[in-house]
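[1] Predicted model, plus sequence, below.
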Amino acid sequence: MIYSFFAAISRMKYIERWALMRNSREETLSEHSLEVAMIAHVLAVLGNVRYCHKMDAEKAALIGIYHDASEIITGDMPTPVKYYNPDIRSAYKDVERIADEKLLSKLPEDLKGEFTGIFKSDSRDPEEKYLRRLVKAADKISALIKCMEEKQAGNSEFRTAEESLRRKVGEMAEEMPEVRDFMNEFLPAYGKTLDELND
């Protein structure tokens with residue numbers, strides 16, 4: 001039997017983000033997912049090393065890789081539309097869940113359990129819940145980095161999105177010290193030139 005899960009996942013490179021915005025450089029779902037995975041991984045590592053958590057940092061990275069996989073089927077729903085009101089948000093959550101189930105159905109039966117654990121949360125485990133909150137924070141940080149890059153390229157289109165994301169990430173940092181640490185220790189280097197990064 002032939003299974004199409006990974007062929008479908010490979011189409012993330014064709015999904016463009018920020019569809020309603022003028023971009024100086026397009027960003028694909030693949031690029032965003034990789035960045036989210038790297039940031040989620042380091043947030044979990046920070047939590048384990050500095051704050052005595054016992055999270056699976058590699059799982060954080062995997063969740064980051066697949067966190068928006070449903071968009072292969074749904075496309076990227078712009079944030080102003082997705083969050084317009086609670087009814088739309090709830091309906092879109094249902095659409096995302098159905099899309100995730102459709103993707104998982106493209107796996108052999110003996111692999112579904114492993115991937116279901118990446119796509120869906122075990123809400124009973126407090127460390128798992130916290131880890132998924134860190135992935136959500138990584139998603140917001142990645143979006144903030146995109147806004148910063150656009151602003152640095154002279155594109156003011158992302159100004160209000162950057163302000164909104166800074167507020168959201170700031171609120172997350174108040175509850176999650178790992179996010180605060182990333183914002184203080186790693187975010188300031190974004191936007192530096194290659195020569196500055198190599199100093």
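    Arrived safely.
[2] low-scoring stretches of the chain, by residue?
    Scanning the chain for pLDDT under 70 picks out 77-84.
[3] try it again with 80
    75-84, 87-88, 91-92, 122-123 (pLDDT under 80).
[4] could you say what helices and strands the longest helix anywhere in it packs with?
    Looking across the chain with DSSP state H, the single longest helix is helix 126-152. Other elements packing on helix 126-152 under the criterion 3 or more CB pairs under 8 Å, 6 or more residues apart in numbering; DSSP states H and E are helix 29-51, helix 57-66, helix 159-175, helix 177-185. C-beta here means a position set from N, CA and C on the backbone, and glycine is covered the same way.
[5] Out of the ones you listed, which gets nearest to residue 128?
    helix 57-66 (8.4 Å; CB to CB).
[6] after that closest one comes which helix or strand?
    Sequence order places helix 71-74 as the next helix or strand after helix 57-66, per DSSP states H and E.
[7] Spatially central, which residue of this structure would that be?
    The centre of the chain sits closest to residue 139, judged by CA atoms, centre = their mean, with a distance of 3.0 Å.
[8] Isn't that one up against residue 33?
    No: using CB atoms under 8 Å, residue 139 is not in contact with residue 33; the gap is 9.4 Å.
[9] Residues that sit against both of these two, list them.
    64, 67-68 (CB atoms under 8 Å, 6 or more residues apart in numbering).
[10] so what's the residue nearest to the centre of the chain closest to, chain neighbours aside?
    Nearest residue to residue 139, sequence neighbours excluded (CB to CB, 6 or more residues apart in numbering): residue 36, at 5.2 Å.
[11] To what extent is the one you found buried, counted in neighbours?
    The tally of other residues near residue 36 (other CB atoms under 10 Å) stands at 27.
[12] shouldn't it be in contact with residue 135?
    Yes: in this structure residue 36 lies within contact range of residue 135 using CB under 8 Å: 7.0 Å.
[13] which residues do these two both contact?
    Joint contacts of residue 36 and residue 135 (CB under 8 Å, 6+ apart) are 64, 67.
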